[in-house]
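Trainee: After the sequence you'll find the predicted model.
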Amino acid sequence: MMRRATTFLGIILLTLLLLTGTGGCSRGDTGTSPSTSQPMTLTYAFFAPEESFPGAQMDWWATEIEKRTNGKVVVRTIPGGELFTAENMYDGVRSGVADIGLSFVTYEASNFPLLTINDLPGIGYANATQASKAFFEVVWANQDIEELKDFKIITAFCTEPSYIQTMTKHTSLESLKGVPIRTPGGPKILEAMGAVGVNMPQSKIEQALDNFLIEGIVTSREVLKDFGYAKKIKFVLNKPLGQVSALAVMRKATFDTLPDDIKTVIDELAPLAAAYAGAALDKAVNESMEWATESQGVTVVELSADESRKMDEAIQTVAENWLADLTAKGYAANEFFRQLQQAASQAASK
């Protein structure tokens, strides 16, 4: 019932946006240029709550562009999936209903074959700050690839490597065999380790944990505090896996109509937004782990050297198969992966 109500409200909002003309770039009722007193309004949609770290980046970007354009641009943020879900965010931007959309490329993996390579393990990321800087630099340098032809890059950033976080303790591949664990999708890392990957949106995790439909989750660790999962999840396996890659885009046709001074501000903000998002997540992860271990009894589980080696071998196979599959389809997958590894190494040394 709640799901139907949410969908119905989303349809109403979408209809109103289309009827009033506020779903896309607006320059006020008079159609005057942004050099006059009428500000330009941009809509910025995101599928998750505003309190999440990508939501914080969205708010930061909205505030910064208004400040840096001296009020010529005003951003109306639409978080919480009120306009689009994780599965149709980029299509929504491509259709022009929202000016800007933010999501994770793994949710629309078929539309971003090269960008989803950044979700693979083995790139060399240690934290979100490093990962965000590297991912942004590679995306920015490859804006002319086919999968980005309809979009202008607003920013790109990345989570820290994901960790398996469970309600019961696991210390080996054998103990993970057959265990249902929620995953956001992407490379089949859990399956390679013998577990059962269960794809589901963030909004369904709490209920799934309550009903024991899943034993745990694989994601970055800020969720232990941000979503209160540490009240049920008590073990974090200290083995970094793949990460999740975020991309914020504007429809290219919309960007091309903007005045040059506003285009310049958008370009200047792109790397700054990536750095902001990465730093915000690392701060949230540190606070989350401190809170979870000190007040919720969460334990960090260390692997033996032998089990760690076995997991590395399983994980490496996933990456190799993913790259081979894309290469067979005609993509320069290995070259893109190499660019990410090089950018990660450079970001780590700064």
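Mentor: Great, that's in hand. Predicted, not measured: the structure shown is a model, and the values here were computed from it. Residues are numbered from 1 along each chain as shown.

Trainee: Sort out which residues of stretch 113-125 are buried, please.
Mentor: 113-125 (16 or more other CB atoms under 10 Å). The way it works is simple: take the backbone N, C-alpha and C, and place the C-beta from them, glycine included.

Trainee: That one: how far from the chain's middle?
Mentor: Its chain's C-alpha centre and that of stretch 113-125 lie 13 Å apart, by CA atoms, centre = their mean, to the nearest Å.

Trainee: Over to stretch 180-193?
Mentor: Between the centre of stretch 180-193 and the centre of its chain there are 16 Å (CA atoms, centre = their mean).

Trainee: show me where this structure has helices.
Mentor: 2-20, 53-68, 89-94, 128-141, 173-176, 189-192, 205-210, 223-226, 252-255, 260-295, 305-328, 333-348 (DSSP state H).

Trainee: just checking, which of those sits deepest inside the structure?
Mentor: Neighbour counts (mean count of other CB atoms under 10 Å) averaged over each of the helices of the chain peak at helix 128-141, with a mean of 25.

Trainee: ok, back up a step: for the buried residues of stretch 113-125, which one is nearest Asn70?
Mentor: Of all these, Leu115 has the smallest distance to Asn70: 33.7 Å, by CB to CB.

Trainee: Return the member of the helices of the chain having the minimum mean pLDDT.
Mentor: Within the helices of the chain, confidence is poorest for helix 2-20, with a mean of 38 (mean pLDDT).

Trainee: related to what we said a few turns ago, ok, which of the helices of the chain comes nearest Val198?
Mentor: Among the helices of the chain, helix 205-210 sits nearest to Val198 (CB to CB), with 7.6 Å.

Trainee: now that closest one: how far from the chain's centre is it?
Mentor: Using CA atoms, centre = their mean, the offset of helix 205-210 from its chain centre is 21 Å.

Trainee: who's in contact with it?
Mentor: Identification of contacts with helix 205-210 by CB atoms under 8 Å, 6 or more residues apart in numbering yields 167, 182, 198, 200, 213-214, 216-217, 227-229, 232-233.

Trainee: Just flag the most distant two among the residues you listed.
Mentor: Maximum pairwise distance among the contacts of helix 205-210 (CB to CB): 19.7 Å, between Val198 and Gly228.

Trainee: Which one's more surrounded, the two?
Mentor: Val198 (19 against 12; other CB atoms under 10 Å).

Trainee: can you dump the C-alpha coordinates of stretch 149-161 into CSV?
Mentor: Taking Å, rounded to 0.1, in the frame of the first residue of the first chain, the C-alpha atoms of stretch 149-161 are listed here in CSV:
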residue,chain,number,x,y,z
LYS,A,149,27.2,11.3,-25.4
ASP,A,150,23.8,12.6,-24.2
PHE,A,151,25.2,14.0,-20.9
LYS,A,152,27.3,16.8,-19.5
ILE,A,153,29.3,15.6,-16.4
ILE,A,154,28.3,17.5,-13.3
THR,A,155,30.6,15.4,-11.1
ALA,A,156,31.6,11.8,-10.5
PHE,A,157,32.6,10.2,-7.2
CYS,A,158,32.9,6.9,-5.4
THR,A,159,32.3,5.1,-2.2
GLU,A,160,35.0,3.5,-0.2
PRO,A,161,35.5,-0.2,-1.0
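
Trainee: can you give me the mean pLDDT across that stretch?
Mentor: The average pLDDT for stretch 149-161 rounds to 96.

Trainee: Going by neighbour count, list what's buried in it.
Mentor: 151-161.

Trainee: quick check, nearest of the buried residues of stretch 113-125 to Val139?
Mentor: For the buried residues of stretch 113-125, the nearest to Val139 is Leu115 (6.7 Å; CB to CB).

Trainee: For that closest one, give me its contacts.
Mentor: Neighbouring residues of Leu115 by CB under 8 Å, 6+ apart: 105, 139, 147, 245, 247.

Trainee: for Thr85, what are its contacts?
Mentor: Thr85 neighbours (CB under 8 Å, 6+ apart): 47, 201.
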